[in-house]
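Asker: Please work out how this folds:
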Amino acid sequence: MAKEASGNVYFDVYANEESLGRIVMKLEDDIVPKTAKNFRTLCERPKGEGYKGSTFHRIIPGFMVQGGDYTAHNGTGGRSIYGEKFPDENFELKHTKEGILSMANCGAHTNGSQFFITLGKTQWLDEKHVVFGEVVEGMDVVHKIAKYGSESGQVKKGYRIEIRDCGVLGSN
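Answerer: As a prediction, the model looks like this:
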């Protein structure tokens, strides 16, 4: 059965008006509490203030799907709950397999709201991007998202891959 324990977060993902399904993610609060809190809080906020209504703006099949820019919606924006950016918490967790949830950044200590989910082992990202969770259900949905990507990362023309709804499971 699904690992929908209290504290897991979810995304309901759509390609335009077609539901791709739900992704359920476990966050590593004990290892990276500040990073996990940032992500969980952005999952709970209303549209325009967090992940709800935002898109996967960079999709590279075989590598990763990236989202979390809820301000500019194109990969240039986003904001953490702590202000614009926050420091790398630690690099204890590694990019060991598909389904790893990690912070996107533009260099050391530049974490905001952008994140990515890996589509395979990406060990070259270790020590550069903070891993803070993993997909526990819905990896098939992540693979569906990947089909809308390209080698350059651009989403296929005419498609918007949206996080239509999101939140914390068991927090109703």
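
Asker: isn't Tyr51 right up against Ile163?
Answerer: Yes. The pair formed by Tyr51 and Ile163 meets the contact definition of CB atoms under 8 Å, at 5.1 Å. In short, each C-beta sits where N, CA and C put it, glycine included.

Asker: what's the spacing between Ala104 and Gly7?
Answerer: Counting by CB to CB, to the nearest Å, the separation of Ala104 from Gly7 is 23 Å.

Asker: Would you mind telling me which of those two has more residues around it?
Answerer: Taking other CB atoms under 10 Å, Ala104 and Gly7 do not tie; Ala104 has more neighbours (22 against 14).

Asker: and Val24, backbone torsions?
Answerer: Backbone torsions of Val24, given as degrees, to the nearest 10, read phi -110, psi 130.

Asker: quick one: it from Val130, how far?
Answerer: 20 Å.

Asker: same deal with Ser19?
Answerer: Counting by CB to CB, the gap from Ser19 to Val130 is 30 Å.

Asker: Looking at these two, which one has more neighbours?
Answerer: Taking other CB under 10 Å, Ser19 and Val130 do not tie; Val130 has more neighbours (26 against 12).

Asker: right, and the more buried one touches Phe86 too?
Answerer: No. Val130 is beyond contact range of Phe86, at 9.8 Å (criterion: CB under 8 Å).

Asker: Tell me the residues that contact both of the two, please.
Answerer: Asn111 (CB atoms under 8 Å, 6 or more residues apart in numbering).

Asker: Between Tyr51 and Ile163, which has more neighbouring residues?
Answerer: Neighbours per residue, other CB under 10 Å: of Tyr51 and Ile163, the larger number sits with Tyr51, 26 against 23.

Asker: Report the contact partners of the more buried one.
Answerer: By CB under 8 Å, 6+ apart, the neighbours of Tyr51 are Phe11, Leu42, Cys43, Arg45, Gly67, Gly68, Tyr70, Ser113, Ile163, Cys166.

Asker: before we move on, what about Lys97?
Answerer: Listed by CB under 8 Å, 6+ apart, the contact set of Lys97 reads Thr118, Gly120, Lys121.

Asker: give me that answer again for 6 Å
Answerer: The neighbourhood of Lys97, defined by CB atoms under 6 Å, 6 or more residues apart in numbering, consists of Lys121.

Asker: I'd assumed it was in a helix, is it?
Answerer: No. Assignment of Lys97 by DSSP: H, G, I helix; E, B strand; the rest coil gives coil, placing it outside any helix.
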